[in-house]
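S.K.: Take a look and give me a structure for this.
(one chain, ligands or ions: 2)
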Amino acid sequence: MSKTIFITGATSGFGAACAGIFAENGHRLVLNGRRQERLEAIASDLRARFGTDSLLLPFDVRDRAAVTAAIESMPAGWRDVDVLINNAGLALGRDLFQDASLDDWDQMLDTNVKGLLYVTRALVPRMLERRRGHIINLGSVAGKEVYERGNVYCASKFAVDALNRSLRIDLLAGGIKVTGIHPGAAETEFSLVRFKGDTDTAQKVYQGFQPLSARDVAEVIYYTTTLPPHVCVNDLVLTCTAQADAFYFHKEPSK
Ligand SMILES: NC(=O)C1=CN([C@@H]2O[C@H](COP(=O)(O)OP(=O)(O)OC[C@H]3O[C@@H](n4cnc5c(N)ncnc54)[C@H](OP(=O)(O)O)[C@@H]3O)[C@@H](O)[C@H]2O)C=CC1
Ligand SMILES: O=CCS(=O)(=O)O
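M.R.: Ligands and ions are numbered 1, 2, ... in the order given. Here you go, the predicted model:
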């Protein structure tokens, strides 16, 4: 049965890979991100390859009024969202607490925590009316353990972890599934964003080991949506084989 899958941050990385895997499997998509031209290119590619129907909602998840207006503007036939993937997010900087930028902190907390809350709060009432829905929130290994210079990014992902647990309790009687997905290092645009366009520094993050790909993460997310209605993956940490936790990697020296 075709489901409606709402993906935030679908212009890149995990979000774009999720769009691809759900399209391949016959589902229709509500795609969000700030870069409208990328959303259009992804939707057009998926329509050509799989005949996928997509509704594009290009808004900034930090803008509460824009989130509400976009979700209220969804045509009637699109409002029954079966799976919400709260994926939009970012890290900015890798600085000691005392050196870090307050603007970076604001952007991380506003996107990773408040953006997730705004989108979820707008979609949950209809899920509860239908007694059906699956909310999948992208946390991180950084939301399970803190690391040096991770301070506010880690805090934002610990907040996601807390919200997963809290939502699961509050929505329990409504029959809504809540899944936390916590990837380790994955090569996407994440490090390029974190290091503000410094490609050398971004590439060094992934040297000496094979990181997860966006597709690896999307396949695991997709799997959690294929289980019977009475089965929910509550919390899932996935790393590449060369990563044990937020700190420990096995890296081969560069040749
Ligand atoms: N890559 C990694 O190693 C890991 C990443 N994560 C988390 O996974 C999620 C996806 O990251 P990843 O795919 O790697 O990174 P990317 O940078 O490749 O993708 C991030 C996506 O988020 C969107 N986004 C960022 N800010 C906003 C905003 N204010 N409003 C709407 N969309 C926004 C971007 O779209 P646009 O710029 O067009 O708005 C983009 O589509 C993030 O939450 C990240 O923290 C977790 C663990 C590991
Ligand atoms: O969330 C992303 C992974 S890491 O950079 O914090 O290890």
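
S.K.: And V146, its phi and psi?
M.R.: V146 adopts backbone torsions of phi -90, psi 150, taken as degrees, to the nearest 10.

S.K.: can you pull the contacts of it?
M.R.: C154, F158, A246 (C-beta atoms under 8 Å, 6 or more residues apart in numbering). In this view, the C-beta of every residue, glycine as well, is placed from N, C-alpha and C.

S.K.: what's the spacing between it and A155?
M.R.: 8 Å (C-beta to C-beta, to the nearest Å).

S.K.: if we can go back for a sec, looking at pLDDT only, which of the contacts of V146 scores worst?
M.R.: Within the set of these, pLDDT is lowest for A246 (93).

S.K.: Am I right that that residue sits in a strand?
M.R.: No: applying DSSP: H, G, I helix; E, B strand; the rest coil, one finds A246 to be coil, outside a strand.

S.K.: pretty sure it contacts G139?
M.R.: No: counting by C-beta atoms under 8 Å, A246 stays clear of G139, with 11.6 Å between them.

S.K.: These two: which is more packed in?
M.R.: Neighbour comparison, A246 and G139: the larger count goes to G139, with 26 against 21 (by other C-beta atoms under 10 Å).

S.K.: Quick one: residues contacting the more buried one.
M.R.: G139 neighbours (C-beta under 8 Å, 6+ apart): K157, V160, D161, N164, G180, I181, H182.

S.K.: Tell me the secondary structure of the residue in the stretch 51-200 of the chain that ligand 1 sits nearest to, please.
M.R.: Closest to ligand 1 within the stretch 51-200 of the chain is G89: 2.2 Å, counting by C-beta to the nearest ligand atom. Under three-state DSSP, G89 falls in the coil class.

S.K.: Tell me the confidence at R94?
M.R.: Reading off the model, R94 has pLDDT 98.

S.K.: All the helices of this structure, residue numbers only.
M.R.: 13-24, 36-50, 64-72, 102-108, 116-130, 151-170, 190-194, 199-204, 214-224 (DSSP state H).

S.K.: Need the winner for burial among those helices.
M.R.: Comparing the helices of the chain by mean neighbour count (mean count of other C-beta atoms under 10 Å), helix 13-24 ranks first with a mean of 24.

S.K.: contacts for it?
M.R.: 3, 5, 7-10, 29, 31, 33, 38, 42, 46, 49-50, 52, 54, 83, 85, 87-88, 138, 183, 186, 188-190, 213-215, 217-219, 221-222.

S.K.: was I right about L123 contacting V83?
M.R.: No: here L123 does not reach V83: they are 10.4 Å apart, not a contact under C-beta under 8 Å.

S.K.: Mind listing the shared neighbours of the two?
M.R.: F6, G133.

S.K.: In this structure Q207 contacts E252, no?
M.R.: No: Q207 is beyond contact range of E252, at 9.0 Å (criterion: C-beta under 8 Å).

S.K.: Return the residues of the chain in contact with ligand 1.
M.R.: Contact residues (C-beta under 6 Å from any ligand atom) of the chain with ligand 1: 8-15, 32-35, 60-62, 87-90, 111-112, 115, 138, 140, 183, 185-186, 188-190, 193, 214.

S.K.: Quick one: buried ones out of the residues you listed?
M.R.: Among the residues of the chain next to ligand 1, those buried by neighbour count (16 or more other C-beta atoms under 10 Å) are 8-15, 32-33, 60-62, 87-90, 111-112, 115, 138, 140, 183, 185-186, 188, 190, 193, 214.

S.K.: Need phi/psi at the residue nearest to the spatial centre of the chain.
M.R.: By C-alpha atoms, centre = their mean, the chain has its centre lying nearest to N87, at 1.5 Å. N87 has phi and psi values of phi -110, psi -30 when expressed as degrees, to the nearest 10.

S.K.: Would you mind measuring from I181 to N151?
M.R.: Counting by C-beta to C-beta, the gap from I181 to N151 is 22 Å.

S.K.: actually E187, not the one I wrote
M.R.: 23 Å.

S.K.: can you check R131 too?
M.R.: 40 Å.
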